[in-house]
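Asker: Next come a sequence and a model predicted from it.
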Amino acid sequence: MSVIGFIGVGNMGGPMAVNLIKAGHAVKAFDLSSSAVERAVEEGATAVGSAAEAAFESDVVITMLPAGTHVRGVYEDEVFGHARDGALFIDCSTIDVETARAVHASAAEKGFSMVDAPVSGGIMGAAAGTLTFMCGGSEEAFGRAKPILEQMGKTIVHAGGAGNGQGAKICNNMMLGIQMLSVCEAFNLAEKLGLDAQKLFDVSSTASGQCWSLTTYCPVPGPVETSPANRDYAPGFSAAMMLKDLNLAQGAADAFGANTPMGEKAAALYAEFCQGGSEGVDFSGIIKMLK
């Protein structure tokens with residue numbers, strides 16, 4: 001078993017760290033939130049006082065951080081200078097492709113192996129150990145990372161070279177954001193037409209309109225018991241996080257010359273939703289704004 005420094009043990013990172021502890025790894029936990037660290041310690045982690053201390057003498061360093069600036073800062077200012085020779089770095093944050101590739105390059109210059117491995121599956125998937133990991137990096141780095149990731153997730157995909165994990169994540173979530181809007185619009189139209197929501201679900205869930213946003217995360221109460229719509233849109237994946245990912249997709253589209261008009265419109269709608277005070281609402285709650 002490995003010694004793992006886990007930097008960022010919040011809503012997503014915390015349950016992921018717990019699954020590593022259950023698998024028998026020794027986990028050193030650091031987060032700017034003391035309560036997040038306390039929760040990890042209750043599950044068997046060892047608290048450390050800095051990202052540098054988390055990296056020190058660890059076989060693997062895992063980061064789950066809010067944005068590219070945080071990832072670059074943590075690795076360049078604390079991790080690189082304190083990690084042991086041969087340490088493996090796994091960044092599970094969702095950040096821009098360019099920053100991911102820059103941090104990969106810095107790691108390689110210093111002789112470290114690294115993968116970018118953003119996740120899909122939300123808080124429930126993190127707790128259940130059923131996350132999907134989209135990985136970018138060399139075959140060698142991916143081979144080393146995969147056994148660790150398999151203890152936190154169900155589907156582990158090597159998407160290609162450095163930054164390609166981030167590319168896969170933002171493309172996936174752009175599809176998700178667009179699809180959720182289409183499902184919301186359809187249920188709103190159905191209501192205007194006098195069509196019962198359950199009846200529409202019964203039809204579309206087995207017809208050509210079927211998608212994850214409908215069958216797993218239905219934005220109206222009733223048809224899918226576990227969807228946030230049945231909990232007054234308490235977030236599994238917040239509108240603010242969806243907007244972040246849509247903006248990353250638009251930044252990548254601009255940087256690499258891709259035409260994404262639906263993605264652009266989705267980002268604009270989620271920006272409006274968040275600006276109206278709904279940042280902390282589940283992203284499926286946008287059905288109420290569209291209504």
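Answerer: Thanks, I have the structure now. As the structure is a computational prediction, the values presented were derived from the model and not from experiment.
Asker: I'd like to know how far the residue in the chain sticking out farthest from the centre sits from Ile21.
Answerer: What lies farthest from the middle of the chain is Gly194; by Cα atoms, centre = their mean that is 37.2 Å. Here the criterion is Cβ to Cβ, to the nearest Å. By it, Gly194 lies 53 Å from Ile21. Any C-beta I mention is one placed from the backbone N, CA and C, and that applies to glycine too.
Asker: Could you do Arg72 as well?
Answerer: 28 Å.
Asker: ranges for the helices of the stretch 101-250 of the chain?
Answerer: Counting by DSSP state H, counting those that start in this stretch, one finds helices in the stretch 101-250 of the chain at the ranges 122-128, 139-149, 164-192, 197-204, 212-215, 239-256.
Asker: CSV for the ones you listed, including mean neighbour count?
Answerer: Formatted as CSV, these follow (neighbours: other Cβ atoms under 10 Å):
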stretch, mean neighbour count
helix 122-128, 18
helix 139-149, 18
helix 164-192, 20
helix 197-204, 16
helix 212-215, 19
helix 239-256, 20
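Asker: Any chance of JSON lines for these, columns mean pLDDT?
Answerer: Listed next are the helices of the stretch 101-250 of the chain as JSON lines, based on pLDDT from 0 to 100:
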{"stretch": "helix 122-128", "mean pLDDT": "90"}
{"stretch": "helix 139-149", "mean pLDDT": "98"}
{"stretch": "helix 164-192", "mean pLDDT": "97"}
{"stretch": "helix 197-204", "mean pLDDT": "98"}
{"stretch": "helix 212-215", "mean pLDDT": "97"}
{"stretch": "helix 239-256", "mean pLDDT": "96"}
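Asker: Now that we have those, can you turn them into CSV and tack on distance to Arg84?
Answerer: Formatted as CSV, the helices of the stretch 101-250 of the chain follow (distance: least, Cβ to Cβ, whole Å):
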stretch, distance to Arg84
helix 122-128, 27
helix 139-149, 14
helix 164-192, 24
helix 197-204, 53
helix 212-215, 40
helix 239-256, 32
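Asker: and of those, who's closest to Gly81?
Answerer: The stretch from the helices of the stretch 101-250 of the chain with the least distance to Gly81 (Cβ to Cβ) is helix 139-149; that distance is 20.1 Å.
Asker: Send over the closest one as PDB, restricted to the C-alpha atoms.
Answerer: Presented in PDB, the C-alpha positions along helix 139-149 are these (Å, rounded to 0.1, in the frame of the first residue of the first chain):
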ATOM      1  CA  GLU A 139       1.300   5.600 -20.900                       C
ATOM      2  CA  GLU A 140       3.800   5.100 -18.000                       C
ATOM      3  CA  ALA A 141       2.200   7.600 -15.800                       C
ATOM      4  CA  PHE A 142      -1.300   6.300 -16.500                       C
ATOM      5  CA  GLY A 143      -0.200   2.800 -15.800                       C
ATOM      6  CA  ARG A 144       1.000   3.900 -12.400                       C
ATOM      7  CA  ALA A 145      -2.100   6.000 -11.600                       C
ATOM      8  CA  LYS A 146      -4.700   3.500 -12.700                       C
ATOM      9  CA  PRO A 147      -4.600   1.100  -9.700                       C
ATOM     10  CA  ILE A 148      -5.000   4.100  -7.400                       C
ATOM     11  CA  LEU A 149      -7.900   5.600  -9.400                       C
END
